[in-house]
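A.B. asks: The following comprises the amino acid sequence and a computationally predicted model.
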Amino acid sequence: MMESKIRIGQRTVGPLQVFTYLVQCTATGEAVIIDPGGDEDQLAQWAADEGVHVKLVCNTHGHGDHVAGNERLCRLLDVGCALLGQEADFFGLDRMLDCPIRRLSDGEEVQVGDLSLEVRHTPGHTPGGVCFHTPGHLFTGDTLFVGAVGRTDLQGSSMRALLDSIKTQILPLDDETVVWPGHDYGDTPTSTVGRERVENPFITDLL
């Protein structure tokens, strides 16, 4: 897999200012949208303007701000959504969302043209949260922010599990891996695994 085949767009959407991503394979024109937090018409138009064929909506976790746009966007694009099966069960999303749900498993790969997004189960912020990894890039949702981590004072959350997820699923990646977080909570909209390894206080002080 060649990193040059990937193109990533980042937009802030919805009332809770979620980072939504349009990840496309430039060789084939296939794409996925990650975490549509609202503004569904704008997201659909974004994909149309890019000239890509969105094949799936992917969610890093099941919190309302990250799945808020699923139903309408899936209808507009005539696609289904995908998230870890455990997460769908925990939040009852099969009953809440009126769109096809692909139940992902840890280690599964979501194919996007010539690209593949590896599903990395990262419990802590939620029980079934995931990061999506493709060489050189990691979409972390609310597991890891720039200089911070996701909240663990919510139902199903655990700081111990979150730190273990970061230790086992994120820190082993190459330092140059770009971190694409779920919110713009840091001093920059993206980071790298290497930068977080040495600057994120939750990593330097607690791991």
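C.D. replies: Perfect, I can see it now.
A.B. asks: drop to CA atoms for contacts and neighbour counts, all remaining ones
C.D. replies: Will do.
A.B. asks: Name the residue closest to the centre of this protein, please.
C.D. replies: residue 60 (4.0 Å; C-alpha atoms, centre = their mean).
A.B. asks: neighbouring contacts of stretch 58-77?
C.D. replies: 14, 16, 18, 32-41, 43-44, 54, 57, 80-84, 87-88, 91, 93, 97-99, 126, 128-132, 139-142 (C-alpha atoms under 8 Å, 6 or more residues apart in numbering).
A.B. asks: switch the cut-off to 6 Å
C.D. replies: Residues from elsewhere that reach stretch 58-77 (C-alpha atoms under 6 Å, 6 or more residues apart in numbering): 34-38, 40, 80-83, 99, 129-130, 141.
A.B. asks: Narrow those residues to those in helices?
C.D. replies: residue 40 (DSSP state H).
A.B. asks: which parts of the helix-or-strand element of the chain with minimal mean pLDDT are buried?
C.D. replies: Within the chain, no helix or strand scores below helix 93-96, which has a mean of 93 by mean pLDDT, DSSP states H and E. By neighbour count with 16 or more other C-alpha atoms under 10 Å, helix 93-96 contains the buried residues residue 93.
A.B. asks: now stretch 71-87
C.D. replies: Result for stretch 71-87 [16+ other C-alpha under 10 Å]: buried residues 71-74, 77, 79-87.
A.B. asks: a markdown table for these, including distance to residue 207 and pLDDT?
C.D. replies: Output for the buried residues of stretch 71-87, formatted as a markdown table (distance: C-alpha to C-alpha, whole Å; pLDDT from 0 to 100):
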| residue | distance to residue 207 | pLDDT |
| --- | --- | --- |
| 71 | 38 | 97 |
| 72 | 40 | 97 |
| 73 | 39 | 98 |
| 74 | 39 | 98 |
| 77 | 42 | 98 |
| 79 | 40 | 98 |
| 80 | 37 | 98 |
| 81 | 34 | 98 |
| 82 | 31 | 98 |
| 83 | 28 | 98 |
| 84 | 26 | 98 |
| 85 | 29 | 97 |
| 86 | 26 | 97 |
| 87 | 26 | 98 |
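A.B. asks: Tell me which two in these are the farthest apart.
C.D. replies: Using C-alpha to C-alpha, the pair of those lying farthest apart is 77 and 86, separated by 25.2 Å.
A.B. asks: Show me the helices in this protein, by range?
C.D. replies: 40-50, 64-67, 70-77, 85-91, 93-96, 159-165, 193-199, 201-206.
A.B. asks: Make CSV out of these and add distance to residue 109.
C.D. replies: CSV is the format used below for the helices of the chain (distance: least, C-alpha to C-alpha, whole Å):
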stretch, distance to residue 109
helix 40-50, 22
helix 64-67, 20
helix 70-77, 20
helix 85-91, 14
helix 93-96, 21
helix 159-165, 18
helix 193-199, 21
helix 201-206, 27
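A.B. asks: Comparing these, which yields the minimum mean pLDDT?
C.D. replies: Lowest mean pLDDT within these: helix 93-96, a mean of 93.
A.B. asks: what about the helices of the chain, which gets the closest to residue 107?
C.D. replies: That would be helix 85-91 among these, by C-alpha to C-alpha, at 12.6 Å.
A.B. asks: CA atoms only: put the closest one into PDB for me.
C.D. replies: Extracted C-alpha coordinates of helix 85-91, given in PDB (Å, rounded to 0.1, in the frame of the first residue of the first chain):
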ATOM      1  CA  GLY A  85     -20.300  -4.500  17.000                       C
ATOM      2  CA  GLN A  86     -19.700  -4.200  20.700                       C
ATOM      3  CA  GLU A  87     -20.200  -0.500  20.500                       C
ATOM      4  CA  ALA A  88     -23.500  -0.900  18.500                       C
ATOM      5  CA  ASP A  89     -24.800  -3.200  21.200                       C
ATOM      6  CA  PHE A  90     -23.700  -0.900  24.100                       C
ATOM      7  CA  PHE A  91     -25.500   2.100  22.700                       C
END
